[in-house]
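Q: Sharing a model that was predicted from the sequence below.
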Amino acid sequence: MRRYDLYKDSGINWVHEIPLNWEIDSIGKVMVERSVKVSDTEYPPLSVTKNGIVPQLEGVAKTDNNDNRKLVCSGDFVINSRSDRKGSSGYSNLTGSVSVINIVLEPTKLFPLYTNYLFKSYLFIEEFFRNGKGIVMDLWSTRWNEMRYMKIPLPPLSEQQQIVSYLDTKTSLIDSLIEKTKLKIQLLKENRTSLINEVVTKGLNPNVEMKDSGVEWIGEIPKGWGLTKIKYEFIISGGGTPSKDNLDYWNGDIPWVSPKDMKSKFISKTEDYVTLEGIKNSSTKLIQDKSLLMVVRSGILQHSIPVCFNSVPVSINQDLKSFEEKKDMGINYLYYFIKGHEKNLLLEWSKDGTTVESIEMGFMLNSEIPLPPHSEQLQIVSYLDEHTQLIDKTISVEERRIELLKEYRQSLISEVVTGKRKVLN
């Protein structure tokens, strides 16, 4: 890493030393707040995101007060003032309007594109919110009156332009690697689903005689297999929520599972915990370990059906169901059948013509699924355990690669905009 020949103390805690020819100034001396109120009927609404300034996103909360917006001109830098939107900022290529919770700034003595690196560096993001105020963190915000007095390092204007050119090239390469890695992960996930789909409906013997299942989306199944319905095979229990008003029901030692906790195949820890007293006085139940938990009501059902096993006794909220073995089908086979046929099952188990946000229990209980002999179920589960674990391990390696690339990208930007790395020829 190349460094400058001479450095001096910046007097800024988050910057430390800077190159000798750089200056220090307050943000209010190099940028002007743009506080012009406009209507989003005249100036198109924009969203301030962690990825920059974009046309207003679908599904964001919208106000009825269309005239209470701030003007954004192309070339401005916009930053969200609230702590719950930390890192949401960016240089705007667009002219439009944003919510009044955002600070809109016109660079006067800064190269406009340089702001996109300086103010989006991790070091500045943390310092920006350290200068804020609020009663609690959820309401913490940093206003222009606090931001304007913050000190920043200022390279010569020509050097700012060179820094932007250098970082544009380097970050584009990093972003390209991240996108390629994301595509690889997506292909791995598709291959895993395809493998599961094939094995849970066709079995492990490629030479077995097949027969029509009678279910269009399943197609043919091995001749020795039958069909069954979930209602015949499992004991199904629902969940509930103990009263939030009674503190004796909460902060116990029993995990209380909700859709936000369903992030892995096995679950033992949750964000919320309840007491045995809370379970006794609500519609939730104590579910023994090694049951299958499934989300039956959530917006996530538009894309997938989250299922997992509980490795310790848990309780569940009303958006989940639990399944325990009762007859001929093993719980592990059901898990893989759901994972291999999520798209088809979402169609089968939801109301026609509606946005999929809940599973209709009647449809689910009565839908027909293949029933292999029990010994063959065990073979299928063992085979899929081995092969999906290999795929999952590769996915984990690639996900870690993305994390490291993002960390390197942020570190590179911080080093360059604070003068720790020299980019001049």
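A: Received the coordinates, thanks. Residues are numbered from 1 along each chain as shown.
Q: Which helix runs longest in the chain?
A: Longest helix in the chain, counting residues (DSSP state H): helix 157-202.
Q: downstream neighbour of that one in the secondary structure list?
A: Next in sequence after helix 157-202, counting helices and strands by DSSP states H and E, comes strand 210-212.
Q: Wait, Asn197 touches Glu342, no?
A: No: judged on CB atoms under 8 Å, Asn197 makes no contact with Glu342 at a distance of 9.5 Å. No exception for glycine: its C-beta is placed from N, CA and C like everyone else's.
Q: Give me the neighbour count for the nearest residue in space to Arg143 that is not next to it in sequence.
A: Nearest residue to Arg143 in three dimensions, chain neighbours excluded: Ser81, at 5.9 Å (CB to CB, 6 or more residues apart in numbering). Counted with other CB atoms under 10 Å, the neighbours of Ser81 add up to 23.
Q: Please state the mean pLDDT value computed over stretch 412-425.
A: What stretch 412-425 shows for mean pLDDT is 91.
Q: care to break this structure down by domain?
A: For the chain, automatic domain parsing gives the domain ranges 23-154, 226-371.
Q: Could you give the separation of the first one from the chain centroid?
A: Which is domain 23-154. Distance of domain 23-154 from the chain centroid (CA atoms, centre = their mean, to the nearest Å) equals 23 Å.
Q: Could you do the last one as well?
A: The chain centre lies 21 Å from the centre of domain 226-371; the measure is CA atoms, centre = their mean.
Q: Which elements pack onto the longest helix of the chain?
A: helix 115-118, strand 220-222, helix 331-340, helix 374-417 (3 or more CB pairs under 8 Å, 6 or more residues apart in numbering; DSSP states H and E).
Q: quick check: angle from that helix to helix 331-340?
A: 130 degrees (axes from the mean of the first three to the mean of the last three CA atoms, to 10 degrees).
Q: thinking again about what came up before, right, and the domains of the chain - which one's nearest Arg3?
A: Evaluated over those, closeness to Arg3 peaks at domain 23-154, with 14.8 Å, by CB to CB.
Q: The closest one: end-to-end distance?
A: Start-to-end span of domain 23-154 (CA to CA, to the nearest Å) is 5 Å.
Q: Let me know the average pLDDT across it.
A: Averaged across domain 23-154, the pLDDT comes to 90.
Q: Share the number of residues neighbouring Asn205, please.
A: Asn205: 11 neighbours (other CB under 10 Å).
Q: cool, the one 10 residues further on as well?
A: By the other CB under 10 Å criterion, the neighbourhood of Val215 contains 16 residues.
Q: Secondary structure of it: a strand, I assume?
A: No: under DSSP: H, G, I helix; E, B strand; the rest coil, Val215 falls outside any strand and is assigned coil.
Q: and the gap between it and Ile369?
A: Remark: distance between Val215 and Ile369 (CB to CB, to the nearest Å) = 8 Å.
Q: Okay, buried residues for stretch 417-425 please.
A: 417-423 (16 or more other CB atoms under 10 Å).
Q: ok, of those residues, which one's closest to Phe234?
A: Phe234 lies nearest to Val417 out of these, by CB to CB, at 57.5 Å.
Q: Please report how far the residue nearest to the closest one when sequence neighbours are not counted lies from Gly132.
A: In space, and not counting its chain neighbours, Val417 is closest to Leu118: 4.7 Å by CB to CB, 6+ apart. Leu118 sits 18 Å away from Gly132, going by CB to CB.
Q: do the same with Asn68
A: Asn68 is 22 Å from Gly132, by CB to CB.
Q: for the domains of the chain, which one sits closest to Leu404?
A: Per CB to CB, nearest to Leu404 of the domains of the chain: domain 23-154, 14.8 Å.
Q: how many neighbours does Ser74 have?
A: Close neighbours of Ser74, defined as other CB under 10 Å, add up to 12.
Q: That one: what secondary structure?
A: Secondary structure of Ser74, per three-state DSSP, is coil.
Q: if we can go back for a sec, quick check: angle from the longest helix of the chain to helix 374-417?
A: Compare the direction of helix 157-202 with that of helix 374-417 by the same axes, to 10 degrees and you get 180 degrees.
Q: what does the average pLDDT come to for helix 157-202?
A: For helix 157-202, mean pLDDT rounds to 97.
Q: Distance from that helix to the middle of the chain?
A: Mean C-alpha position of helix 157-202 versus that of the full chain (CA atoms, centre = their mean) differs by 15 Å.
Q: What of stretch 147-155?
A: When distances are taken as CA atoms, centre = their mean, stretch 147-155 is centred 32 Å away from the chain's centroid.
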